[in-house]
Each structure stands twice: as C-alpha cells, then as structure tokens.
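[1] Structure here, sequence nowhere to be found:
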C-alpha cells in the first residue's frame, strides 16, 4: 500500500494542466475496494493504455471480483474489455466475461464504423447486427470519455451508448462539487450522474453516480450503483502510472 500511495503522490504532483491523453498514452491503473451495504466484499482494477500492437487505439479493462470470504455469500468475477479510438473514445470492440454465482456469460460486440453496424456475438445465441451512429460508446468507455470533458456543475452532457444489444440515449448530469475521503486520500470532486432517457443500462440496477476529481485528470475516485438491495460502491484505493496486470490484487 505504501508504494501505491507514493505513486499517487507523484501523480498528484503533476501540473493540473497536464493533457489527460498523455496520462492515458503512458498507461494508468486504478485499484478499488468494493463494498455492499457497508460490507467490504471484494476488489476491482481498471486499466487504460495503448492497445497491444495498435497505438492508434486504447484498451480499457475492468475486472471486479469478490473476496474469498464474501464469495460464500455471493461469488463474482466480472471481466470487461473495451477497445476504443484514441481520437474520440468511440467503441470498436466491447467484451464482457461475467461469472456471478457460477452463472457464466460471454458477450462480445464489434463495431464496423464504416458500415455503422454493431455485431453482437454470444455462445449458443443468434448473432445480432444493429445499426449504430458514430460516435457510439459502451458503458466502460463512457466512464473514461467523461474524464476528457469539462465537468462543470449545473451542466449536462449527452451521449449515445450501445449496451446489451440496444442503442440508448444517455444524459450525464454534473450536479455538484463535494469533498470525499477514500483510502487513497481526500479529494475535491465533481459529482456526475449518468441517466438513461428511457430504459435501463446497467442490467436492472438503479441510479449510477461517479465522483471524479475536480482537476484536469478527472480520476474516478468513487463509483456507486444502486441495486435492488442497497448499493455497490467502488472506492479508490490506489493509482499508479503504467498498465499493471488487469487482475485485481487478492485479499
């Protein structure tokens, strides 16, 4: 943990005007602790860096897994990968490998930007082809695209998102500024609330709230998703430059 905090302090010392794309191009790893109804139940790691062998694109990964003790209650290992354009963060490929309580799900979407067609492939299911606009984002790429924007409280950003075989319109409301404490330190943040204009995006879950640092880097230091019982919260533990192994540290 000390090494992580040292890396955090070094990164915090970067000039506020640093180009966020410079940070992404060099690679970044964020580690989170996961809590549900105030119980620490696991860990998550999000990484971003140039796609292997393809510097024109970024690869974003997110892996969340339950701790060994919490797995007796609810076992989870969800892995998501997104390949996006560096220029505008639009999605080229989005893959989910979910394993929740032993139920596995693989879902891969590839987007042909020239034809404006998204092809969704799932084992033992019919391949879907859906017309999409350009640009279009996936839920993971949107979290990072928001980091590149001016997040001013009282404003609203609008996006088109493709998820689970459907195209959605989404509004991200920047609601307020708030100071929050995390294991990685205390941060001044801007609070962003992505809202679907119709239907739901993250399964059947409720509201999503993201706390981004109130600086040029807009690091997501807390992400909370309301569920049927309580809320799942990812809180930043550490941040380091470079892309580490996407697998979260075991507890």
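    Received the coordinates, thanks. As the structure is a prediction and not an experimental result, all values here were calculated from the model. Numbering: from 1, shown residues only.

[2] Poorly predicted segments of the chain, please.
    1-18, 37-40, 67-75, 197-206, 227-230, 250-251 (pLDDT under 70).

[3] ok, which stretches of it are strands?
    Chain-ordered strands for the chain, with DSSP state E as the definition, fall at 28-36, 39-51, 54-66, 76-85, 91-100, 103-112, 117-121, 128-131, 156-163, 166-182, 185-196, 208-213, 220-226, 231-241.

[4] Pull out the buried residues from the last one.
    In other words, strand 231-241. 231-240 (16 or more other CB atoms under 10 Å). Using the backbone N, CA and C atoms, a C-beta is placed for each residue, glycine as well.

[5] Now render those residues as CSV, adding distance to residue 138.
    Formatted as CSV, the buried residues of strand 231-241 follow (distance: CB to CB, whole Å):
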residue, distance to residue 138
231, 22
232, 19
233, 22
234, 18
235, 23
236, 22
237, 25
238, 25
239, 23
240, 25
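
[6] Closest one to residue 188 out of those, please.
    Using CB to CB, residue 236 is the member of the buried residues of strand 231-241 that sits closest to residue 188, with 13.7 Å.

[7] That closest one contacts residue 28, correct?
    No - applying CB atoms under 8 Å, one finds residue 236 not in contact with residue 28, separated by 12.0 Å.

[8] so what's the residue most central in space within the chain up against?
    In the chain, the centroid-proximal residue (CA atoms, centre = their mean) is residue 140; its distance is 4.1 Å. If a contact means CB atoms under 8 Å, 6 or more residues apart in numbering, then residue 140 has 60, 62, 80, 82, 94 as its contacts.
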